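Okay, predicted coordinates and the sequence, questions at the end:
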Amino acid sequence: MMRILRSIYYFFPIQLLLLHVKKFQVLLIFWIILFSTLNGGFMQTYGAAALFLSPEYLGDVSPISASIVGIATGIFIMAWNITTFILFCRHFRFLATTTRPFLKYCINNAGLPLIFLVFYFIKVVQFSANKELLPAGSIILLSLGFLAGFIFIITVSLFYFFRADQTIIRRMTPVINNPKLFKSRYRKEEVKLNESRLMRVKWYLNSPLTIKPTRDVAHYSKDFIESIFNRHHIAAVLSIFVAFIFLITVGFFMDSRYFQLPAAASILVFFAILISLSGAFSYFLQSWSIPFFVVVFFILNLLYRYHVIDPTNKAYGLNYTGPTEDRPFYDQQTLRQLCSDSVLAKDRANMVEILERWKARQKESRPLLYLVNTSGGGNRSATFTMSILQRLDSLSGGQLMRKTFLITGASGGMLGAAYFRELSRERDGGNHGIHLQDHRYVDDISKDLLNTLFSSFVARDLASPAQKFSVGKYEYVKDRGFAFEQKLNANTHGILNQQLKDLAADEKAARMPLMLFNPIITRDSRALIISTQPVSFLMRPRYDSTRIPMMDPDAVDFGALFVQQAPMNLRLLTALRMNATFPYVLPNVWLPTRPVVDVMDAGFRDNFGETNAVRFLNAFREWLQENTSGIVLLQIRDRKSGGWENPYESDDITEIITKPLLLLQDNWYKMQEYNQDDLLSLSQTGMGIPFRKLVFQYVPKTEDAGAALNFHLTKQEKLNITGALDNRENQQAFGQFRKLANGL
């Protein structure tokens, strides 16, 4: 028995697995990330597993998209084999005396890749059946597509190395067959081979089905054996170089939909390049690897500090080209000037005129004023918001946008609200082809945004040279922010491809509701309020300055601050993206101020859009009391109210360390809700007219069936979201809205 166990232990595939654990463990991180992603651990919140298990190409999950991921998986596995072959070859020099040493290494190193492939297919079948609701035939076709792509790239790779082997043999044979030449190159007195201290191999797989004992190569000179391996190294490095060129090409032509590869494919190719680079640095630099990276870091930091390189994302449409002296100061004095008494009076007068125009469009002399708040939450919130607005519009006889004065919110919810508002505007403008209750609009806004975003990040942000595009007379660099906007624009058929100046006239005439975007300035967590109208009255709460010390602004009027930078040229798509800039997934947007500031997702301060709505109502309380019969706040949210959802729980001993750090993060939105409930109750008491709040919330039927918070939805998640409209709480809210909208 011990003899059998010893034979297994000294079997080359087993020794290779142990060697991976002993040496260069950093290379295993890529495998850990992939296994964790497929199992729903790594980046679960962002739905990363769907990128691999349900890859999209040309807007569809198909055998073609699966085959592209299969090809990328093959590239990743071959990069893994190539890199570890280069790093570990000195530990198994017996392979140098065999035919096709790299092929034999791949066969013996197939343990981890085979485990991954089996695990991948199990997860694909489960995901396709339970999440994408695909029939067995479609699942089989997807699997065959993946296998076809995988087998194709493995075949091409091995054919390439077969040719390399033949070239090496052709060049080495004359040397081996000529004893004098051999001795002159590889003299006997040269250093002899020593047995590896990290591994001992007695048996190896000569083919997938045959086992051979290893050959003693102690009589060969070290220089001879390494010369054979070095020739394989050159061939391996060339193959990785080709993969890098491929990634650059994809990034360069990514504007074409045919080059917008599944995100999983781009990620796998990028991982392949990272593995290769890690191996190259370790092989050539040895113990100098860490000092080298430290030096590179300091060089890049200096280049960034002195603006030699500029990886920052910009607000498309805004002017960044003028001299620095023309940029506004971002300081206390400037912000106070933007909301001085004279500015406030002027901006309030402008908004009262808009309110009067809105009132003139209503049937009643004192109508109800409706406001819409919609929460962040990626595509799930966008889909739920669109579905709710369609139902509300139907219940109001197609008059929802006419009755609504203001729409606020964060992230995904505003994507759905903006699309619905523009559809309503087009319909009211005479486009009789638009039927607002058509379910295809829900399908549009629920389409994938994540694949293009990740593909652009890998292929364009990290690999390709900078490409530029223009908005008016200003140029900007294409990155994943640009890719996100272009994909959103394509999903919504170009209806959102407008600038703020294109919307200003209709908003000022009250032909459509005002829409406020409020991304957060990372420097001090102030809200940057983006609107077509001046909104200085929202920069700080309304208060009696004779009884309360001066309050500094906690928000900034975008149009007023950047009055010299053409703020109305800002693209609506960019405003939506700035409002939905979740960390790392989308790039923060940098603004031309002194000092430079950047903004990110509005949800970090007001994920439900309620703060701005309440501040607006308080600013025009007297007008509302005189001209309306009450306020109706329609809140559309992608999570259950009350703070009971996803409580912070941990059974691990690590919670002793992590709980103080993660407690705030896990309860961030709940604390927002507690504070906003308090604010709303105070406002309701002091409003002086009836104030109603109707809440429409996405609550999955079961806790494990909830849609992920990301920019990708599975078919099962889409059905789950639309099905949530008919739960008991939402039906009650719809009933209350019907009575209010119809004056009952």
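Alright, I've got the coordinates.

so after the lowest-mean-pLDDT helix or strand in the chain, what's the next helix or strand?
Counting by mean pLDDT, DSSP states H and E, the chain has its least confident helix or strand at helix 179-185, which shows a mean of 46. Downstream of helix 179-185, the next assigned helix or strand under DSSP states H and E is strand 203-207.

That next one packs against which elements?
Here strand 203-207 touches helix 12-22, helix 101-108, strand 210-213, going by 3 or more C-beta pairs under 8 Å, 6 or more residues apart in numbering; DSSP states H and E. Just so you know, the C-beta spots here come from the backbone N, C-alpha and C atoms, and that holds for glycine as well.

what are the pairing partners of the shortest one, and which direction each?
When sheet partners are counted by DSSP bridges, strand 210-213 sits next to strand 203-207 (antiparallel).

in the strand it pairs with, what's buried?
Using 16 or more other C-beta atoms under 10 Å as the test for burial, strand 203-207 gives W203, Y204, L205, N206.

Dump the helices and strands packed on strand 203-207 to a markdown table, plus mean neighbour count and distance to M414.
Compiled in a markdown table, the helices and strands packed on strand 203-207 are given as follows (neighbours: other C-beta atoms under 10 Å; distance: least, C-beta to C-beta, whole Å):
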| stretch | mean neighbour count | distance to M414 |
| --- | --- | --- |
| helix 12-22 | 18 | 47 |
| helix 101-108 | 22 | 50 |
| strand 210-213 | 12 | 63 |
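
Just send these back as JSON lines, with mean pLDDT and distance to I520 too.
Converted to JSON lines, the helices and strands packed on strand 203-207 look like this (pLDDT from 0 to 100; distance: least, C-beta to C-beta, whole Å):
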{"stretch": "helix 12-22", "mean pLDDT": "79", "distance to I520": "44"}
{"stretch": "helix 101-108", "mean pLDDT": "79", "distance to I520": "50"}
{"stretch": "strand 210-213", "mean pLDDT": "80", "distance to I520": "62"}
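
any chance of these in TSV, plus distance to R738?
Listed next are those as TSV, based on distance: least, C-beta to C-beta, whole Å:
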stretch	distance to R738
helix 12-22	64
helix 101-108	67
strand 210-213	76
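
ok, the nearest residue to G723 once chain neighbours are set aside - contacts?
Counting by C-beta to C-beta, 6 or more residues apart in numbering, K701 is the residue found nearest to G723 once chain neighbours are left out, at 7.1 Å. By C-beta atoms under 8 Å, 6 or more residues apart in numbering, K701 lies in contact with N720, G723, A724.

Looks to me like N489 is in a strand.
No: assigned with DSSP: H, G, I helix; E, B strand; the rest coil, N489 falls outside any strand and is helix.

Check which helix or strand the closest residue to it other than its chain neighbours maps to.
What sits nearest to N489 in space, not counting adjacent residues and going by C-beta to C-beta, 6+ apart, is N497, at 5.0 Å. Using DSSP H and E, no element contains N497; it sits outside every helix and strand.

cool, and the one 5 residues further on?
Assigned by DSSP H and E, D502 belongs to helix 500-508.

which other residues reach the helix or strand just after that helix?
Next along the chain after helix 500-508, taking DSSP H and E as the criterion, comes strand 514-516. Contacts with strand 514-516, where a contact means C-beta under 8 Å, 6+ apart, come from 354, 405-408, 414, 417-418, 421, 503, 507, 529-533, 535, 538, 609, 612.

Check which helices and strands whatever helix or strand comes next after strand 514-516 is in contact with.
Downstream of strand 514-516, the first helix or strand assigned by DSSP H and E is strand 520-521. When contacts are defined as 3+ C-beta pairs under 8 Å, 6+ apart, strand 520-521 sits against strand 527-529, strand 597-600.

What mean pLDDT does the first one get?
So the one you mean is strand 527-529. For strand 527-529, mean pLDDT rounds to 95.

58 is where my numbering starts, stick with that
In the new numbering, first residue 58, that becomes strand 584-586.

Paired strands for the helix or strand following it, with orientation please.
Downstream of strand 584-586, the next assigned helix or strand under DSSP H and E is strand 612-614. Note on strand 612-614: by DSSP bridges, its sheet partners are strand 584-586 (parallel).

Give me the contacts around the strand it pairs with.
By C-beta under 8 Å, 6+ apart, strand 584-586 touches 573-578, 592, 595-596, 611-615, 635, 648, 656, 659, 662-663, 668-669.

quick one on the thing from earlier: of the helices and strands packed on strand 577-578, flag the one that's most buried.
Neighbour counts (mean count of other C-beta atoms under 10 Å) averaged over each of the helices and strands packed on strand 577-578 peak at strand 584-586, with a mean of 24.

So which residue is smack in the middle of the protein?
Centroid-nearest residue in the chain: V642, 3.2 Å away (criterion: C-alpha atoms, centre = their mean).

what mean pLDDT does the helix or strand hosting I125 have?
Secondary structure from DSSP H and E places I125 in helix 120-145. Across helix 120-145, the average pLDDT comes to 86.

Which strands and helices lie in contact with that helix?
helix 69-79, helix 158-165, helix 168-187, helix 193-234, helix 279-309, helix 320-342.

These: lowest mean pLDDT?
When those are compared by mean pLDDT, helix 279-309 comes last with a mean of 59.

The helix holding D559 - what's its average pLDDT?
96.

Just give the number of residues close to the closest residue to F184 other than its chain neighbours.
Spatial nearest neighbour of F184, excluding adjacent residues (C-beta to C-beta, 6+ apart): L110 at 4.0 Å. Residues lying near L110 (other C-beta atoms under 10 Å) number 24.

Same question for N407.
If we define neighbours as other C-beta under 10 Å, then N407 has 15 of them.

rewinding a little: how big is the angle separating the helix holding I125 from helix 158-165?
Helix 120-145 runs at 110 degrees relative to helix 158-165, counting by axes from the mean of the first three to the mean of the last three C-alpha atoms, to 10 degrees.

and helix 120-145 with helix 69-79, angle?
Computed with the same axes, to 10 degrees, the direction of helix 120-145 lies at 80 degrees from that of helix 69-79.

one step back: a markdown table for the buried residues of strand 260-264, including distance to H550 and pLDDT?
Converted to a markdown table, the buried residues of strand 260-264 look like this (distance: C-beta to C-beta, whole Å; pLDDT from 0 to 100):
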| residue | distance to H550 | pLDDT |
| --- | --- | --- |
| W260 | 63 | 76 |
| Y261 | 59 | 76 |
| L262 | 55 | 79 |
| N263 | 59 | 79 |
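
For the residues you listed, which two are the farthest from each other?
Farthest pair in the buried residues of strand 260-264 (C-beta to C-beta) is W260 and N263. Separation: 9.7 Å.

Find residues that contact each of the two.
Counting by C-beta under 8 Å, 6+ apart, the residues touching both W260 and N263 are K269.

Tell me how far F316 lies from F133.
Between F316 and F133 the computed distance is 19 Å (C-beta to C-beta, to the nearest Å).

who touches stretch 305-316?
Residues contacting stretch 305-316 (C-beta under 8 Å, 6+ apart): 115, 317-318, 323, 512-513, 516-517, 520-522, 524, 535, 540, 543, 547.

ok, of those residues, which come out buried?
Judged by 16+ other C-beta under 10 Å, buried ones among the contacts of stretch 305-316: 317-318, 323, 512-513, 516-517, 520-521, 535, 540, 543, 547.

Show me how the chain divides into domains.
According to automatic domain parsing, the chain is divided into the following domains: 59-359, 381-600+608-700+724-798.

Give me whichever of those is most buried.
Comparing the domains of the chain on average neighbours, where mean count of other C-beta under 10 Å defines a contact, domain 381-600+608-700+724-798 leads with a mean of 20.

And it, end to end?
52 Å (C-alpha to C-alpha, to the nearest Å).

Same check on stretch 489-496?
OK, stretch 489-496 end separation, C-alpha to C-alpha: 16 Å.
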